[in-house]
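Asks: show me the folded form of this:
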Amino acid sequence: MHPCLTCGACCTQYRVAFHWMESDEVTAGGVPAALTERLDPHRLCMRGTASLPVRCVALDAEIGVHSRCTIHPMRPSACREVDASWENGVASRQCDQARIAHGLPVLTAAAWRWRDPAGNDDHPDDNGNSPSPPAMPPPVAA
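Replies: Residues are numbered from 1 along each chain as shown. Alright, predicted model coming up:
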């Protein structure tokens, strides 16, 4: 299962700001305007993310147990740009910091063993062997 489906931490840590043209008032299939508030003349933000405590109005979750975005297909670009750590072969500082804030362990490459190289579910071969985990890139100097 995708690790984000049991997390949701990022949706409680960051302001979700995006250009007003992403709203469904302007763009068909865009972010539901009813779930946003004006941040400045050019940007909206998801309700619940402009001030502390942060919790996006579109989040349906018990952090660390189950999580879903109620507007996932229409989520703003700011959300689409946050990757889970190691999902694409690199760590994500935003993901790591959000998970740590909730006492969750950071994700490692091992979190993605359920996927095969094509991104499908993990299916053992005829001998019951699971695919190898993705190769870890070299460490990045801090």
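Asks: which residue ranges of the protein form strands?
Replies: Ranges of strands within the chain are 17-19, 36-38, 43-46, 59-62, 66-69, based on DSSP state E.
Asks: give me the residues contacting the first one.
Replies: Looking back up the chat, that one is strand 17-19. Contacts to strand 17-19, defined as C-beta atoms under 8 Å, 6 or more residues apart in numbering, come from residues 31, 39, 42-45, 49, 76-78. For the C-beta atoms, the positions are set from N, CA and C on the backbone; glycine is no exception.
Asks: what about 10 Å?
Replies: 26-27, 30-31, 36, 39-40, 42-46, 49-50, 75-81 (C-beta atoms under 10 Å, 6 or more residues apart in numbering).
Asks: of those residues, buried ones?
Replies: Listed as buried from the contacts of strand 17-19 are 30-31, 36, 39, 44-46, 49-50, 75-76, 78-79; burial here means 16 or more other C-beta atoms under 10 Å.
Asks: which one of the strands of the chain is the most hemmed in?
Replies: Of all these, strand 43-46 has the most neighbours on average by mean count of other C-beta atoms under 10 Å, namely a mean of 22.
Asks: give the other helices and strands that it contacts.
Replies: Applying 3 or more C-beta pairs under 10 Å, 6 or more residues apart in numbering; DSSP states H and E, we find strand 43-46 packed against strand 17-19, strand 36-38, helix 77-80.
Asks: and that strand, which strands flank it?
Replies: Sheet pairing for strand 43-46, assigned by DSSP bridges, gives strand 17-19 (antiparallel), strand 36-38 (antiparallel).
Asks: residues contacting that strand, please?
Replies: 11, 14-23, 25, 31-33, 35-39, 50-51, 54-59, 71, 75-76, 78-79.
Asks: go again using 8 Å as the cut-off
Replies: In contact with strand 43-46 (C-beta under 8 Å, 6+ apart) are residues 15-20, 22-23, 31, 33, 35-39, 56-58, 76.
Asks: for that strand, the averaged confidence score.
Replies: Averaged across strand 43-46, pLDDT comes to 98.
Asks: then it to PDB, C-alphas only?
Replies: The C-alpha trace of strand 43-46 is given here as PDB (Å, rounded to 0.1, in the frame of the first residue of the first chain):
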ATOM      1  CA  ARG A  43      -2.900  33.400  -4.400                       C
ATOM      2  CA  LEU A  44      -5.500  31.300  -2.600                       C
ATOM      3  CA  CYS A  45      -4.800  28.700   0.100                       C
ATOM      4  CA  MET A  46      -6.600  25.700   1.300                       C
END
